[in-house]
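A.B. asks: quick one: sequence and predicted model below, then my questions.
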Amino acid sequence: MSPNNNGISNKPENPNEFLAIPKWINEEYFRPIIEKDVMDFVSIKNFTPIAATHPGDNYTSVMVRVFVDIETKDGSEQKLSYILKTMLESDKGGDLIAGMNLFPKEKQMYQVHIPNFVRLYKEAGVDIELAPKCVHIDESPEGITLVLEDLKRQNFENVDRLKGFDMEHMRRVIRKVAELHAASAVTYEQNGPYDEMYYQSMHTESNRKLFEGMGEMRQEQYIKAMREWQLPDVEEYIANLPSPTEFFDKGINLNKVDEDEFNCLNHGDLWCNNIMFSKDRTLLVDLQVGKWGTPAQDLWYMITTSPSLDIKVKEFDHFIQIYHTRLVECLKLLKYSKPIPTLRELHVMMIKYGDWGTITASGVLEVVLMPSDKDSNINMMLAPGPEGDAFRYKVMTNPYYVKAMLQLYPFLRNKGLV
């Protein structure tokens, strides 16, 4: 870890006082991690764990930023910080998350795939970064824990998710995603199929009952909210809303992979909070939802959730062109031997797999655009009864979400997707 203290306050403020930090996240747990990470480490002088994110910024894990003051062999002190990511407790959504293979995917991404992708580029004569350094992975019967470098120490920041990316940030993200996709396609060509877990999204038959139950709880509130949006022709949109079963079936169908097309390993959860920027560097974080299949998944997810409203629809085709240009560059650099998709073929894929857009707009964007709220957690999102209904309605009538959907619904209808 870098010994400097760039971007780190001397008195860190806890962004989420409501997060119960597990007691095992302590000096004893971190001492062997620091011993491996810092060559001249002698002792821990101060240890301060706080929440790593605000309420509503993360739903699938416990994320803790750990500040550590250490003494080194020459008697000097260093200030370090790490990001620890671990599984939710079973009664706080952990059972649901455990069934989605999120942590096994992320463990393998950091241990195997990201290092391999970086190596491919290096062998081709280019140094390309994709993700932060993972300094420790711990797997036990209780779950998986990852300890990552704290990118804020290197002056990395997120863009405000409520404002979204401007064109320059979108260009940087799109190019980075193309780099990830190209390396993953070449790896498939060299090594064969990825692990079976990368062929499934969160929509699996084992989750059908849960997701359809969630859909039934939200449908009434969603229709009620839509009628408050002042959306022209709102009753036509409501009449065409898929039932919870139909909605889930769309997700199941998106798991299918057409091996005659260009496919890649998608990031799978590509929105503002999972991309970090420094002055000239862009890195992808939260590698839990990787999915082998069409690149349309990441493209729809990113464009639906993350650009600012002034460019989200206006620059849609331009985004695909930026992606295609960088994808072609990287595939040629890495000597991909299969046919490289044309720009026209990518646009066709975006229509063919347009359900990634509708699912993201109605099932993800409402969470992305919800301002920080102490009740923003997976338990509240799934809570039955009046309290849960009130929260879901609050999320769906949030002005940030309403403004986005007033743009997206007509755009999606004009493409024949709703």
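C.D. replies: Yes, it's here.
A.B. asks: which residues of the protein score low on pLDDT?
C.D. replies: 1-11, 15, 55-59, 89-100, 375-379 (pLDDT under 70).
A.B. asks: once you drop chain neighbours, what's closest to the spatially most central residue of the chain?
C.D. replies: The centre of the chain sits closest to Asp269, judged by C-alpha atoms, centre = their mean, with a distance of 3.2 Å. Nearest residue to Asp269, sequence neighbours excluded (C-beta to C-beta, 6 or more residues apart in numbering): Val289, at 4.3 Å. Bear in mind the C-beta positions are built from the backbone N, C-alpha and C, glycine included.
A.B. asks: who's in contact with the one you found?
C.D. replies: By C-beta atoms under 8 Å, 6 or more residues apart in numbering, the residues touching Val289 are 102, 105, 201-202, 267-269.
A.B. asks: repeat that for 7 Å
C.D. replies: 102, 105, 268-269 (C-beta atoms under 7 Å, 6 or more residues apart in numbering).
A.B. asks: state the distance from it to Arg413.
C.D. replies: Noted for Val289: a distance of 27 Å to Arg413, by C-beta to C-beta, to the nearest Å.
A.B. asks: what helices or strands is whichever helix in the chain runs longest leaning on?
C.D. replies: In the chain, assigned by DSSP state H, the helix with the most residues is helix 167-191. When contacts are defined as 3 or more C-beta pairs under 7 Å, 6 or more residues apart in numbering; DSSP states H and E, helix 167-191 sits against helix 114-123, strand 264-266, strand 275-277, strand 282-284, helix 296-305, helix 316-333.
A.B. asks: adding secondary structure and distance to Tyr188, write the contacts of Val289 out as JSON lines.
C.D. replies: Listed next are the contacts of Val289 as JSON lines, based on DSSP: H, G, I helix; E, B strand; the rest coil; distance: C-beta to C-beta, whole Å:
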{"residue": "Leu102", "secondary structure": "helix", "distance to Tyr188": "21"}
{"residue": "Lys105", "secondary structure": "helix", "distance to Tyr188": "16"}
{"residue": "Gly268", "secondary structure": "coil", "distance to Tyr188": "16"}
{"residue": "Asp269", "secondary structure": "coil", "distance to Tyr188": "20"}
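A.B. asks: could the residues you listed be laid out in a markdown table, adding distance to Pro307?
C.D. replies: Compiled in a markdown table, those are given as follows (distance: C-beta to C-beta, whole Å):
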| residue | distance to Pro307 |
| --- | --- |
| Leu102 | 25 |
| Lys105 | 26 |
| Gly268 | 18 |
| Asp269 | 16 |
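A.B. asks: that older thread, looking at the helices and strands packed on helix 167-191, which is nearest to Ala51?
C.D. replies: Nearest of the helices and strands packed on helix 167-191 to Ala51, taken as C-beta to C-beta: strand 275-277 at 17.2 Å.
A.B. asks: buried residues, that closest one. List them.
C.D. replies: For strand 275-277, the neighbour count (16 or more other C-beta atoms under 10 Å) marks 275-277 as buried.
A.B. asks: one more: stretch 110-125?
C.D. replies: 110, 113-114, 117-118, 120-121.
A.B. asks: dump that stretch to CSV, keeping only the CA atoms.
C.D. replies: Output of stretch 110-125 as CSV, limited to C-alpha atoms (Å, rounded to 0.1, in the frame of the first residue of the first chain):
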residue,chain,number,x,y,z
TYR,A,110,-9.7,-11.2,-8.8
GLN,A,111,-7.7,-14.4,-8.5
VAL,A,112,-7.9,-15.6,-12.1
HIS,A,113,-9.5,-13.6,-14.8
ILE,A,114,-8.5,-10.0,-14.2
PRO,A,115,-4.8,-11.0,-13.8
ASN,A,116,-5.0,-13.1,-17.0
PHE,A,117,-6.7,-10.2,-19.0
VAL,A,118,-3.9,-7.8,-17.9
ARG,A,119,-1.3,-10.4,-18.9
LEU,A,120,-2.7,-10.7,-22.4
TYR,A,121,-2.4,-7.0,-22.9
LYS,A,122,1.1,-6.9,-21.5
GLU,A,123,2.2,-9.7,-23.8
ALA,A,124,0.8,-7.6,-26.7
GLY,A,125,3.0,-4.7,-25.5
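A.B. asks: show me the contact partners of that stretch.
C.D. replies: 127-128, 130-131, 134, 137, 146, 180, 183-184, 186-187, 287, 333-334.
A.B. asks: which parts of this protein are strands?
C.D. replies: Shown for the chain, the strands assigned by DSSP state E span residues 41-51, 62-72, 77-86, 134-140, 143-149, 264-266, 275-277, 282-284, 291-293.
A.B. asks: which one of the ones you listed lies nearest to Ile359?
C.D. replies: strand 291-293 (12.7 Å).
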